[in-house]
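Participant: Task: produce atomic coordinates for the following.
(one chain, ligands or ions: 1)
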Amino acid sequence: MQPEAVTATPPRRVSLASVLRRGQWRVASGAVLVVCAVLSVGAALQLRLAQRDGLASVGRAIAYSTEAAVAFRDAAEAELLVGRIAQREGLDAVRLELGGELLARYDRPPTGDWADRLRRGFAATAEVQVDVDGRAVGRLELSGEAGFLGALLRWTVGGALAGMASIALFVLLTSRRQLALVLAPIQRLSRATHAIRASRDFDRRVDAAAVTELDSLAADVNALLAEVQRYERELVDRHGRLEAAYEELAHYSRHDALTGLANRRYFETRLQEALSRARREGERLGLLFIDVNRFKQVNDQHGHAAGDAVLKAMAQRLAGALRQHDLAARLGGDEFVVLVAPLREPEALATLVSHLGEAVARPIDIGGGRSLEASVSIGTAVYPDDGGDVDALMRQADAAMYAVKAGHAGAAARRRA
Ligand SMILES: Nc1nc2c(ncn2[C@@H]2O[C@H](COP(=O)(O)OP(=O)(O)OP(=O)(O)O)[C@@H](O)[C@H]2O)c(=O)[nH]1
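Facilitator: Numbers count the residues shown, from 1 in each chain. This next block holds a predicted model:
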């Protein structure tokens, strides 16, 4: 059975500022609720006591007003007075008893609406002694809300509003301070790292922060930047060394190590390019094939180092005698070639051959205070007269060189005879 792929849903992104603000407002709302509850309970307890005191004062006022009616046991007058005061004071019920008998009573008729039911729910009771000529003759029972509910609401709503306002102010101030303390360094850090990444300026460092954790984060970021900077320098160094090594390799892949002239491969590539151009432009080019005469003898008589010195001197003199765009190469051993491109006048090739012959004929210092004179055989080929491609031209120049060398050898033999 194939395992079921689990795709993680990316977390919803929220800003740190909104998280902090939301947290602070949650704490603030909780604090407001607690403050409201404490205020309400405290206010309810105090108001309950005040409500009882108020009812007792009203009771004493009723007892005082009805003293005459009580003395004469005038139930009608007593009920009238009780009812009038109870209505004025907003009481729910009053009972006036004398020696255990009911003399007068008042009951506010229920209206049945929710406000009335609420008022009655918050009603308290009080009992007051009834005296006549300083002698206790009965008692008054009172019940009513006596302004308790309104006061309680005022306290609660007022307290809640005042609490809310003060906590909002507090939250606002602490939030600003927290944001400045926490958010500002994080934003600075984020801006700095972003800029460093964009500009790749790893020499820069981020600022320290007042909050310990953020400061340690900034220190870690700086340490990381230092590491990146070190790696970058190392990479740049290594890149430079590799580039130099590559350049050197590229040079040696195209040049002869002993003389510094172009090697056979590079020469043939350049010759091929020059041929293409000459074909395109309808131009001529010339090729010289040069071989040192009796070079083996130099090695045999003066040593290999002397032979090397001769090859180097030959190379220098060949290169020195050429125009900037011409190219000299060493094919190997004592064989050299020269590319003359473009060849404007075919006669120029003969001039160059004699010029080169003179240049190499000058004595060559082979070290140890010794010098020797060398000569070369030079064969020539011209494009397109002697060949249309690299091989044909090389073959033709080589053959011409051999013909010249044979002439030299013949002349030398004649001189010896
Ligand atoms: N010193 C030195 N000698 C080399 C080098 N490469 C090849 N040789 C020698 O060059 C000589 C080439 O001789 P050849 O061209 O065959 O003969 P040569 O004496 O020049 O005779 P001709 O060409 O007929 O005049 C050989 O003895 C090789 O050993 C090199 O890099 N340095």
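Participant: Residue 285: what's it in contact with?
Facilitator: 274-275, 278, 339-343, 382-383 (Cβ atoms under 8 Å, 6 or more residues apart in numbering). Placement of C-beta: from N, CA and C, glycine included.
Participant: Any of these buried? List them.
Facilitator: Buried members of the contacts of residue 285, counted by 16 or more other Cβ atoms under 10 Å: 274-275, 278, 339-341, 343, 382-383.
Participant: Now narrow those residues to whatever sits close to the ligand.
Facilitator: For the ligand, no contacts are drawn from the buried ones among the contacts of residue 285 by Cβ under 6 Å from any ligand atom.
Participant: any idea which element the residue in the stretch 251-400 of the chain positioned nearest to the ligand lies in?
Facilitator: Ranked by Cβ to the nearest ligand atom, the top residue of the stretch 251-400 of the chain for proximity to the ligand is residue 307, at 2.6 Å. Using DSSP states H and E, residue 307 sits in helix 304-320.
Participant: who in the chain is up against the ligand?
Facilitator: Where the chain comes near the ligand, counting by Cβ under 6 Å from any ligand atom, the residues are 258, 291-297, 299, 304, 307-308, 311, 333-334, 405.
Participant: same thing but 5 Å
Facilitator: Residues of the chain found near the ligand (Cβ under 5 Å from any ligand atom) are 293-296, 304, 307-308, 333-334.
Participant: Pull out the buried residues from those residues.
Facilitator: 293, 295, 307-308, 334.
Participant: Of the residues you listed, which pair is most distant in space?
Facilitator: Within these, 293 and 308 form the most distant pair, 17.2 Å apart (Cβ to Cβ).
Participant: that older thread, among the residues of the chain next to the ligand, which pair sits farthest apart?
Facilitator: The most widely separated members of these are 293 and 304, with 18.0 Å between them, by Cβ to Cβ.
Participant: quick revisit: just the element for the residue lying closest to the residue of the stretch 251-400 of the chain closest to the ligand once chain neighbours are set aside, please.
Facilitator: Closest residue to residue 307 apart from its sequence neighbours, by Cβ to Cβ, 6 or more residues apart in numbering: residue 299 at 4.1 Å. Element membership for residue 299 (DSSP H and E) is helix 295-302.
Participant: Can I get that helix as PDB, trimmed to CA atoms?
Facilitator: Taking C-alpha atoms only, helix 295-302 is exported to PDB below (Å, rounded to 0.1, in the frame of the first residue of the first chain):
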ATOM      1  CA  PHE A 295      71.400  21.100 -34.700                       C
ATOM      2  CA  LYS A 296      72.300  17.600 -33.500                       C
ATOM      3  CA  GLN A 297      75.900  18.600 -33.600                       C
ATOM      4  CA  VAL A 298      75.300  21.500 -31.300                       C
ATOM      5  CA  ASN A 299      73.800  19.000 -28.800                       C
ATOM      6  CA  ASP A 300      76.600  16.500 -29.300                       C
ATOM      7  CA  GLN A 301      79.500  19.000 -29.100                       C
ATOM      8  CA  HIS A 302      78.300  21.500 -26.600                       C
END
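Participant: Let me see the ranges of the helices in the stretch 101-250 of the chain.
Facilitator: With helices called from DSSP state H, counting those that start in this stretch, the stretch 101-250 of the chain shows them at 114-121, 148-178, 184-199, 212-254.
Participant: As JSON lines, those with distance to residue 11, mean neighbour count and mean pLDDT would be great.
Facilitator: JSON lines is the format used below for the helices of the stretch 101-250 of the chain (distance: least, Cβ to Cβ, whole Å; neighbours: other Cβ atoms under 10 Å; pLDDT from 0 to 100):
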{"stretch": "helix 114-121", "distance to residue 11": "48", "mean neighbour count": "12", "mean pLDDT": "84"}
{"stretch": "helix 148-178", "distance to residue 11": "23", "mean neighbour count": "15", "mean pLDDT": "78"}
{"stretch": "helix 184-199", "distance to residue 11": "18", "mean neighbour count": "14", "mean pLDDT": "89"}
{"stretch": "helix 212-254", "distance to residue 11": "20", "mean neighbour count": "12", "mean pLDDT": "92"}
